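Asker: Okay, predicted coordinates and the sequence, questions at the end:
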Amino acid sequence: MGTRGKHTVRKPAVWGWSSELVTVSVASAAAVIVVAYGAVTHPASIRPATVSWASATQTLGRAREAANVVTVAALPSLPATSAATPPAPGAVALTARDYSMCPPAAAACVDLTRHLTWLQSHGKVTFGPVQMEPGPPGSAHATPAGTFSVTWKGGPNVMSNVYNEPMPWAVFFGTDGIAFHEGSLTVPSHGCVHLTMANAHYYNEHLAIGAEVAVF
């Protein structure tokens, strides 16, 4: 995706309520429910004074777990961890140019000419190389070459505010809104580096904030 200099994304909305206030309110309500239940089912053994803050907190924890299950169920089905596995050795061979152009310090490498990308550690390939699709060279949407750093990462529901298109598992690097993310491998991007869904998920999991990205 990505448009140099103006690319933005739509992040999930964040409520402005105080987390402490919400926690206290829910926990207090949980305590009232526990007390009411006890008064009806065990009037001789359970009284409001016997309901501890710890029990209310435990009830709150169970409520949060239930809410999380509902939230996850409402989202598109996605694996808990990346389904991507390193390609078989020799599936795509790197050239001497690839090794010379991507410095050992880089965690991710992008070869714009061969439409390949891979991950490495201290110069040793740890994942890939795999196919990718960049922006069209020589155009306003060409993927920029250079050395960058991962600035932030999104989840499966990141959307572009410029093109109103999904950017699942986006890993942003540089300052121009360029990112690795899932996208077509046959249609050029708007400047980003398109990957398969599985590979985009893997990059998202294995590239840390601040990791060096070399594009050449």
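Answerer: Sure, I can see it.
Asker: How many residues are close by Ala93?
Answerer: Ala93 has 9 neighbouring residues, counting by other Cβ atoms under 10 Å. (Glycine included, C-beta is placed from N, CA and C.)
Asker: Any chance of the backbone angles for it?
Answerer: Taking degrees, to the nearest 10, you get phi -90, psi 140 for the backbone angles of Ala93.
Asker: ok but Asn157 is inside a helix, no?
Answerer: No - Asn157 is assigned coil when assessed by DSSP: H, G, I helix; E, B strand; the rest coil, not a helix.
Asker: Could I get the full set of helices for this structure?
Answerer: For the chain, the helices defined by DSSP state H cover 19-41, 53-74, 96-101, 197-206.
Asker: Low-confidence regions, the chain specifically.
Answerer: For the chain, the stretches flagged by pLDDT under 70 are 1-91.
Asker: domain parsing for it?
Answerer: As assigned by automatic domain parsing, the chain contains the domains 19-74, 82-215.
Asker: what comes up buried for stretch 169-188?
Answerer: 169-174, 176-183, 188 (16 or more other Cβ atoms under 10 Å).
Asker: need the contact list for Pro104.
Answerer: Counting by Cβ atoms under 8 Å, 6 or more residues apart in numbering, Pro104 makes contact with 120, 122-123.
Asker: one more time with 10 Å, if that's ok
Answerer: With contacts defined as Cβ atoms under 10 Å, 6 or more residues apart in numbering, the neighbours of Pro104 are 120-124, 212.
Asker: same question, His194
Answerer: Counting by Cβ under 10 Å, 6+ apart, His194 touches 1-2, 115, 117, 131-135, 143, 167, 179-188, 200.
Asker: Test my guess that Gly174 contacts Trp152.
Answerer: No - assessed by Cβ atoms under 10 Å, Gly174 is found out of contact with Trp152, at 11.4 Å.
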